[in-house]
Structure formats: structure tokens, C-alpha cells
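Asks: turn this into a structure:
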Amino acid sequence: MQKYSYFLNLENTLPILFYILCNFVAMIQSQRTNWFLLFATNFLGVFNDNFLKHCIIFIAISWQLPTWLTQSQLISLVSAALVVPYLILSPFAAKLSRIHQHQKVLRVAKLAELPIMALACLAFINEWVWLALASVLLMGIQSSLYSPAKYSLIRDIGGEKGVSYGSGIFESMAFLGILMGTVMAATISDNYSTLLTCGLFLILAIMGYYGARNIRTEEHETPHEPQTIRPIKFIIDSYRFARHYPLLNLGVFGASFLWFIGGILQMNLVIYCHNELQLTNSETGIMMAMAAIGIAAGCFATGQLSGTMVRKNLIPVGLGGISILLALLLLIKPTALLAGAFVFGIAFFGGVFQVPCLALIQQANVGGKLSDMIAYTNLITFIFIVGGTIIFSVVTALSHENAYLVFGVLLIICISLCLSFGLKLYQVAQKNITDNR
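Replies: Here you go, the predicted structure:
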């Protein structure tokens, strides 16, 4: 960590951050490339979400916490605060995306990020864990409300021909944001400066707003019958609609299960690295970064392999690879270096699993229902993430934070999913053979 000490010193770092901010704004003013602005805005938003989340996980645990709040419970609460709003607000977010211009929704949401980050700064200055959790919840609300609009901008900017390219880079920027936000929070926590942390919160928010306000595009989404904003009815209606498109629901649930698996893995890595491997926060951040790098590499490799085809058979391959590596991790109980390789491999096969699931969603030509299908996917995804958070909390509470037991539960889930998805794909393939005769 000694070689990073220059950059972690407040007097040296803030001028550098201000210089980066000025150059980012200058780049936006001189380059009106909508793709660049969309990708940059998405990256900065995901970065700030994860930076705030992990600053609380790594830093707030040293504050004076309520007696009932343990480390694993704090991790669960922070994780839940970012995703619960999606469960309630996704249908309303789809409505916002239908009745307002997508770029306008994005601009207003990114503007709202500025006062939210100001509240986060106040929480860190005064070491108020309740306000820190509230700021994460507000970020979750903000992110959920503009999610359908920002995903719809991919089609607005690139049209039908640019959907695959835009979605691929868009998702890559998301994983890069997760990676950098996690590593930055872990690194800063070992050399903590309140002003540096708060400065990063605000600068990231300002850069995100400047990116969002300069996107200029025409919308291509066609009007359609309004959808309910009641979450349960919205899920039922969307599920029934998706049944008319081959394997669309399988793609939605597959993509959602990846985040379920990834959420449990990410939360458990904090416990695993601290309790079993005795790693520092910075080293734990590197281990978590291996997961983000692995899934990005898996997505890239699978995309290159697939080309223009949707390789559905890679879905059970990805789940099978995750299951084998989880089993090896439990049997071998590896050292930190080998554990990092296992985490990378598990995440890599997660990317192999994710790409065909996302491709099945993109392949369905749903026309004006694009915003609703995005909101539907978000809603199912975050239901699964909350479910994963509950499972993690229950297992760690009952086992006194036994990370290996959590890996064992995850292994059972992945094997069950592999068999279930494989059977579904086989049944669909057999039906197609029968129909073609």
C-alpha cells in the first residue's frame, strides 16, 4: 500500500480529482458522441452506487453501531437498501419512461444524485450510520426510477442494429463501475480520509450529471397500451405477455438468477476473506474485484464465441462450471491466491451463463413494450437479490457467520438451477423438432 500513499493523501488527491473533473466536462463540451456520454454516465452511476455501498461496509463498521447491528447485518441492510426500491418502483419507472423523454428522465435523476451525495457526506462527517443507510436507500430509489429510461436510450441512440453493441458495452461499463467502486472503497478504508471520501462522492455525482445533460437523441419507442403500476399485477401481466415470445421468460429469470448468485457471492466474500483468509480490507477489495473482472471476461469471451447466434446451450454450461468450482472451493479450502483464482473462475462462468440469457431477451422483438420488459427484468432481478440477501442473513446468523456453509447453500442452488434450466431447454428443443415435422 506504500506505493499508493501519494494518491491517498488529501492534499495531493483533490487537485488531481478536480483536474479530472474539468477535463471530463471539456470532453463533453467538445465531443457530442451520444454513445460515449451514455456509457460514461452509466459507469459513473454504478461506480458511485458501489463506492458508497462499500465505503459503508468497510468504514462504517468502525463507527459506534447499535448493539443489535452486527457486521453481517450491516452488509445485508446496505445491500437491501439499494435493491428494495426496484421491487416497489419498477412499474412506476416504466411509466415514467413511457410518458417522458428518456434523456429528460435521466437528467433529472442524475441531478437528484447531487443532494443525495451531500447527505452521504454529512453521514460520514458525523459517523451517523442511520443517515448513511438512508442515503443508500435514496440512491436505490433514484437508480430504480431512471433504469428503464437509461436502458431504452440504447435503442434510441443505436436503433435496432446498435442494440447488441450498445447492450454489450453498457453492461461492461456496469461491471467496470462495480469493480472500480469496490476497489476504491476498500483501498480508501485502509487509509481513511473523510474529506477525500466525501470529495469523491460529490465529484462522481457532478460528472454523472454533466454526462447525462448532454445526451441528445430522438426516441424510437412506439406508444402502446398503458401498463399497471401495481408491482404484483405488473409482474403477472408482464409474465403472461412474455410467454408469447419463445424463451423470453427463461432469459429474464436466467439473467435475474445471475444477480442472485452474484449477490450472495459478493456478500459472503467479505466474511470469507476476513474470517477464513485473514485478509485486509484492500486485499478483500482485490478479491471482490476478481469477481467483477471474471464476469466481464466471461461475457466478452462468450460474446465473441456466439457472434450473431444465441447459444442457449451455454446456459447449463455456465451453471455447471459455477457448480464445479464451488465444490472444489469447499473441498480444497484453498489459500488466498488459489481462492482468488476460484472466485475469478466462478464469475467467468457466470458471464458464460449471463450472455445467452440476455441475448434471449434482446432477441424478442417486443416493440413498444421495451420499457415494460426492462422494468419487468429489473423487478424480477431485484426480487431475487433481496431473496439472496435474506438467505445470506439467515445462514450467517444461524451458523455464526460460517462462510463455507454459505458456499455450500449456493452450490445446492446452482446445481438445482443447472438441472432445471437444462430440462427446460431440452423440452423446448424437443417441441421445436416436433413442430417442424
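Asks: all helices of the chain, in order?
Replies: 10-30, 34-59, 71-99, 102-126, 129-158, 163-190, 194-213, 231-242, 248-271, 281-306, 314-332, 336-363, 370-398, 403-436 (DSSP state H).
Asks: mean pLDDT for those - can I get that in JSON lines?
Replies: Shown next, in JSON lines, are the helices of the chain (pLDDT from 0 to 100):
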{"stretch": "helix 10-30", "mean pLDDT": "49"}
{"stretch": "helix 34-59", "mean pLDDT": "86"}
{"stretch": "helix 71-99", "mean pLDDT": "80"}
{"stretch": "helix 102-126", "mean pLDDT": "91"}
{"stretch": "helix 129-158", "mean pLDDT": "85"}
{"stretch": "helix 163-190", "mean pLDDT": "74"}
{"stretch": "helix 194-213", "mean pLDDT": "88"}
{"stretch": "helix 231-242", "mean pLDDT": "85"}
{"stretch": "helix 248-271", "mean pLDDT": "87"}
{"stretch": "helix 281-306", "mean pLDDT": "78"}
{"stretch": "helix 314-332", "mean pLDDT": "93"}
{"stretch": "helix 336-363", "mean pLDDT": "86"}
{"stretch": "helix 370-398", "mean pLDDT": "82"}
{"stretch": "helix 403-436", "mean pLDDT": "86"}
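Asks: can you redo those helices as TSV with mean neighbour count?
Replies: Any C-beta I mention is one placed from the backbone N, CA and C, and that applies to glycine too. Listed next are those as TSV, based on neighbours: other Cβ atoms under 10 Å:
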stretch	mean neighbour count
helix 10-30	13
helix 34-59	24
helix 71-99	21
helix 102-126	20
helix 129-158	22
helix 163-190	20
helix 194-213	21
helix 231-242	17
helix 248-271	23
helix 281-306	20
helix 314-332	20
helix 336-363	22
helix 370-398	21
helix 403-436	15
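Asks: check contacts around Phe170.
Replies: 38-39, 42, 151, 154 (Cβ atoms under 8 Å, 6 or more residues apart in numbering).
Asks: quick check: the farthest pair among the residues you listed?
Replies: Phe39 and Tyr151 (12.6 Å; Cβ to Cβ).
Asks: check contacts around the residue lying closest to Leu330 once chain neighbours are set aside.
Replies: What sits nearest to Leu330 in space, not counting adjacent residues and going by Cβ to Cβ, 6 or more residues apart in numbering, is Phe407, at 5.6 Å. Phe407 is in contact with 268, 272, 326, 329-330, counting by Cβ under 8 Å, 6+ apart.
Asks: need the residues you listed in CSV (columns: distance to Cys121).
Replies: Below are the contacts of Phe407 laid out as CSV (distance: Cβ to Cβ, whole Å):
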residue, distance to Cys121
Asn268, 30
Tyr272, 31
Leu326, 39
Leu329, 39
Leu330, 42
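Asks: of the residues you listed, closest to Leu82?
Replies: Nearest member of the contacts of Phe407 to Leu82, counting by Cβ to Cβ, is Asn268, at 17.1 Å.
Asks: my guess is that closest one meets Gly408, correct?
Replies: No. Assessed by Cβ atoms under 8 Å, Asn268 is found out of contact with Gly408, at 10.8 Å.
Asks: distance of Gly298 relative to Gly340?
Replies: As judged by Cβ to Cβ, to the nearest Å, Gly298 and Gly340 stand 16 Å apart.
Asks: circling back to that earlier point, closest to Pro91 among the contacts of Phe170?
Replies: Tyr151 (15.1 Å).
Asks: ok, now which ones touch the nearest residue to that closest one once chain neighbours are set aside?
Replies: In this structure, Tyr151 finds its nearest non-sequential neighbour in Ile374, 4.7 Å apart by Cβ to Cβ, 6+ apart. Neighbouring residues of Ile374 by Cβ under 8 Å, 6+ apart: 94, 97, 147-148, 151-152.
Asks: export only the CA atoms of stretch 230-242, formatted as CSV.
Replies: Extracted in CSV, the C-alpha atoms of stretch 230-242 (Å, rounded to 0.1, in the frame of the first residue of the first chain):
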residue,chain,number,x,y,z
ARG,A,230,-49.0,-2.1,-9.2
PRO,A,231,-46.0,-4.4,-8.8
ILE,A,232,-47.7,-7.7,-8.4
LYS,A,233,-50.1,-7.2,-11.2
PHE,A,234,-47.3,-5.8,-13.3
ILE,A,235,-45.3,-9.0,-12.8
ILE,A,236,-48.3,-11.2,-13.7
ASP,A,237,-49.2,-9.1,-16.8
SER,A,238,-45.5,-9.0,-18.0
TYR,A,239,-45.0,-12.7,-17.4
ARG,A,240,-48.1,-13.5,-19.5
PHE,A,241,-47.0,-11.2,-22.2
ALA,A,242,-43.5,-12.7,-22.3
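Asks: what about that stretch, distance to the chain center?
Replies: Put simply, stretch 230-242 sits 23 Å off its chain's centre (Cα atoms, centre = their mean, to the nearest Å).
Asks: please apply the same query to stretch 80-94.
Replies: The chain centre lies 14 Å from the centre of stretch 80-94; the measure is Cα atoms, centre = their mean.
Asks: what does stretch 74-90 give?
Replies: The answer for stretch 74-90 is 12 Å, by Cα atoms, centre = their mean.
Asks: do stretch 40-52 as well
Replies: For stretch 40-52, the distance to the chain centre is 10 Å (Cα atoms, centre = their mean).
Asks: same deal with stretch 401-414?
Replies: The answer for stretch 401-414 is 21 Å, by Cα atoms, centre = their mean.
Asks: swap in stretch 315-324?
Replies: Taking Cα atoms, centre = their mean, one finds stretch 315-324 lying 20 Å from the centre of the chain it belongs to.
Asks: and if you look at stretch 248-259?
Replies: 14 Å.
Asks: need the residues that contact that stretch.
Replies: With Cβ under 8 Å, 6+ apart as the contact definition, stretch 248-259 has outside contacts at 239, 242-243, 315, 350, 353-354, 356-361, 363-364, 366, 373, 376-377, 380-385, 388, 417, 421, 424-425.
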